[in-house]
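**Q** based on what follows, work out the 3D shape:
(2 chains)
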Amino acid sequence: TYVYTSLIEGFCKAGETDTAYNLYLQMRNVGLSPDEFTFSTIIYGLCMHGKMDLAQECFHNMSESSLKPNVVTYNSLICGLCQTQEVGKAVELFEEMLREGCTPDVVTCSSLMAGLCEFDNVSEASKLLGEMENKGCSPNVVMYNTLICAYCRKGELNRACDMLDEMAERGLEPDEVTYSTIIDGMCEVGDLPSAHSLMSKMIDSGLAPNVVTYTSMIDAHCKVGDRNGALRLLENMKKAGITPDVVTYTVLIDSFCKDYELETAFMMLDEIRAKGLVPNIITYNSLIDALCKFGETDEALRLFENLKIASITPDVVTYTTLIDSFCKKDKLEIAFSMLDEMRAKGLVPNVITYNSLFGGIRKRQDMEKAQLLMDQMQRQGCAPD
RNA sequence: AUAAGAUAUAGAUAUU
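**A** You can find the predicted model right below:
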C-alpha cells in the first residue's frame, strides 16, 4: 500500500494523473486496500489537475469502504473545490465535515478562506476566521496572510495593516509571506516609499526579504519607469545571497519588452537559460506580445511554433496576444483560425479574447459575426464586461 | 515509514 501510494503521488506530481488513477484501481484488484494516505493523495492529485469528478468518486469510494475520511482527506477535496471555482461545494463539504464530527484544522480554514477570497467574498472569509475559535481551531499566520492578501488585492491597504495589528494582539508574529504580501500591495498602488520602509521594518524584525519580496519591488520599479532602481535592487538581492528565479527575470524581460528593447529582452532570455533556469509560458508570452506590437509578427509566430519544440503549452494569454495582434492588423481570418485552433486544444477563450475579436470586427462593421460571437460567449457562460 | 508517506497563504504576461 505504501509503495502504491508513493507511486500515485509521484505520477500525480508529474501530471500523469491517468497513470496514477489506474494504479489506484489496480491496487484494489491486486487485493491491497488503499488507506487514508492513499485516498488523500489520489484525491488531491486529481483535484490539482482539474479532474474533480474522479476526485469526488474516490471520495465516495472511501466513504463506502470502512475508512472514514479524515481532516486531510476533507482538506484535499475542499482545497481542490476552492481552486476550481466551486467554493459553494467546498462550503457544503465543510458543513458535512462538521456534521460527521471531524474537527477542521488551520489548513481546512485557510483553504476555504482562500477560495472565498478568490470568489471576492472577503467578508465571508473574515467571518470564518472569527468563527474558527469556537470550532476548536485558533487562527494562525497563514489564515491572516490569506486575508491580508485579499485586502491588498482590493487595494484596501488600511484593512491589511489593521490585520497586522490584530495579529500582534493575538501574539502572532508576521512572517516573510505577511511582509511580502503587504509590500506587494503597496507596490501595486505605486507607493514605493512605503514599500521600502516596510522592507526595512521587515529586516529590523529579523526577517530577510526573499526572492518574492525582491521581485515585487523590482517589478514595481520597472513599472514606474525606474529601471536603474530595479537593477540596483537586483544587485542588492544577489549580494544578499538570494538567487533571482524565473519570475524575477520575467519581470525584467517584460519591462524591456514594454520599452521595445527587444535585444536586451532576448539577451535576458539567454541569461535565464545560462543559469539553468527554464523560461515558462509567461516569459514567452511577454516576448511574443512585444514582437507582435513591434511589427515582427513573423518572429512572433516563429517563437510561438518553437514553444511546441520546448514542450511548453501555449495558454489563453498566448492565443489572445496573437489574436489581438491579427485583429489590429485587420487580418480577421487568421485571428478566427487561431480561435478555432485554441478551442481545438481545449482552451476556453475569455472576455479579453472576445474583446479583442470584437475590436477587429468593429472595423468591418460585420454585425452578423458580432452576434455570432455574442452567442458563443453566452453559451460558455462568459459575461461581457 | 526516521524531524521523513497525504492537504492551506505572497511576486511576472494578453483587451480597453
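**Q** all helices of the stretch 251-385 of chain A, in order?
**A** Using DSSP state H, counting those that start in this stretch, the helices found in the stretch 251-385 of chain A span residues A:262-274, A:281-293, A:297-309, A:316-328, A:332-344, A:351-364, A:367-379.
**Q** where's residue A:155 relative to residue A:225, distance?
**A** Distance of residue A:155 to residue A:225, given as C-beta to C-beta, to the nearest Å: 21 Å. For every residue, glycine as well, the C-beta is placed using N, CA and C.
**Q** contacting residues around residue A:285?
**A** A:315, A:317, A:318, A:321 (C-beta atoms under 8 Å, 6 or more residues apart in numbering).
**Q** just checking, the first one touches residue A:280?
**A** Think residue A:315. No - applying C-beta atoms under 8 Å as the test, residue A:315 and residue A:280 come out as separate, 10.1 Å apart.
**Q** those two: who's more crowded?
**A** Taking neighbours as other C-beta atoms under 10 Å, residue A:315 and residue A:280 compare with residue A:315 leading, 17 against 14.
**Q** and the nearest residue to residue A:136 once chain neighbours are set aside, how many neighbours does it have?
**A** Nearest residue to residue A:136, sequence neighbours excluded (C-beta to C-beta, 6 or more residues apart in numbering): residue A:103, at 5.1 Å. Close neighbours of residue A:103, defined as other C-beta under 10 Å, add up to 11.
**Q** one more: residue A:137?
**A** Neighbour tally, residue A:137, other C-beta under 10 Å: 17.
**Q** phi first, then psi, for it.
**A** Dihedral pair for residue A:137: phi -150, psi 120, per degrees, to the nearest 10.
**Q** returning to what we had before: of the helices of the stretch 251-385 of chain A, which is nearest residue A:236?
**A** For residue A:236, the closest of the helices of the stretch 251-385 of chain A is helix A:262-274, at 18.1 Å, according to C-beta to C-beta.
**Q** can you point out the buried residues in the closest one?
**A** Going by neighbour count (16 or more other C-beta atoms under 10 Å), the buried part of helix A:262-274 is A:262, A:265, A:266, A:268, A:269, A:272.
**Q** any chance of JSON lines for those, columns pLDDT and distance to residue A:127?
**A** Formatted as JSON lines, the buried residues of helix A:262-274 follow (pLDDT from 0 to 100; distance: C-beta to C-beta, whole Å):
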{"residue": "A:262", "pLDDT": "97", "distance to residue A:127": "49"}
{"residue": "A:265", "pLDDT": "98", "distance to residue A:127": "46"}
{"residue": "A:266", "pLDDT": "98", "distance to residue A:127": "49"}
{"residue": "A:268", "pLDDT": "97", "distance to residue A:127": "45"}
{"residue": "A:269", "pLDDT": "97", "distance to residue A:127": "46"}
{"residue": "A:272", "pLDDT": "96", "distance to residue A:127": "43"}
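**Q** quick check, nearest of the residues you listed to residue A:69?
**A** Among those, and counting by C-beta to C-beta, the member closest to residue A:69 is residue A:272, at 42.9 Å.
**Q** report pLDDT for the residue nearest the centre of chain A.
**A** In chain A, the C-alpha nearest the mean C-alpha coordinate belongs to residue A:83, at 9.3 Å (C-alpha atoms, centre = their mean). The score at residue A:83 is 87. That number is its pLDDT.
**Q** also residue A:12?
**A** Confidence at residue A:12, expressed as pLDDT, is 93.
**Q** what about it, helix or strand, and which?
**A** According to DSSP states H and E, residue A:12 maps onto helix A:2-13.
**Q** put the alpha carbons of that helix into PDB.
**A** Extracted C-alpha coordinates of helix A:2-13, given in PDB (Å, rounded to 0.1, in the frame of the first residue of the first chain):
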ATOM      1  CA  TYR A   2       2.800   2.300   0.900                       C
ATOM      2  CA  VAL A   3       4.600   1.700  -2.400                       C
ATOM      3  CA  TYR A   4       1.400   2.200  -4.400                       C
ATOM      4  CA  THR A   5       0.700   5.400  -2.600                       C
ATOM      5  CA  SER A   6       4.200   6.800  -3.300                       C
ATOM      6  CA  LEU A   7       3.900   5.900  -6.900                       C
ATOM      7  CA  ILE A   8       0.400   7.500  -7.100                       C
ATOM      8  CA  GLU A   9       1.800  10.700  -5.600                       C
ATOM      9  CA  GLY A  10       4.800  10.700  -8.000                       C
ATOM     10  CA  PHE A  11       2.600  10.300 -11.100                       C
ATOM     11  CA  CYS A  12       0.200  13.000  -9.800                       C
ATOM     12  CA  LYS A  13       3.000  15.400  -9.300                       C
END
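**Q** got a list of contacts for it?
**A** In contact with helix A:2-13 (C-beta under 8 Å, 6+ apart) are residues A:17, A:19-20, A:23-24, A:27, A:32, A:34-35, A:37-38, A:41-42, A:44-46, A:48-49.
**Q** next one: stretch A:90-97
**A** If you take C-beta under 8 Å, 6+ apart as the criterion, stretch A:90-97 is touched by A:69, A:74, A:77, A:78, A:81, A:82, A:104, A:108, A:111, A:112, A:115.
**Q** redo those residues as CSV? Include neighbour count and secondary structure.
**A** Formatted as CSV, the contacts of stretch A:90-97 follow (neighbours: other C-beta atoms under 10 Å; DSSP: H, G, I helix; E, B strand; the rest coil):
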residue, neighbour count, secondary structure
A:69, 22, coil
A:74, 26, helix
A:77, 27, helix
A:78, 26, helix
A:81, 25, helix
A:82, 24, helix
A:104, 21, coil
A:108, 26, helix
A:111, 26, helix
A:112, 28, helix
A:115, 28, helix
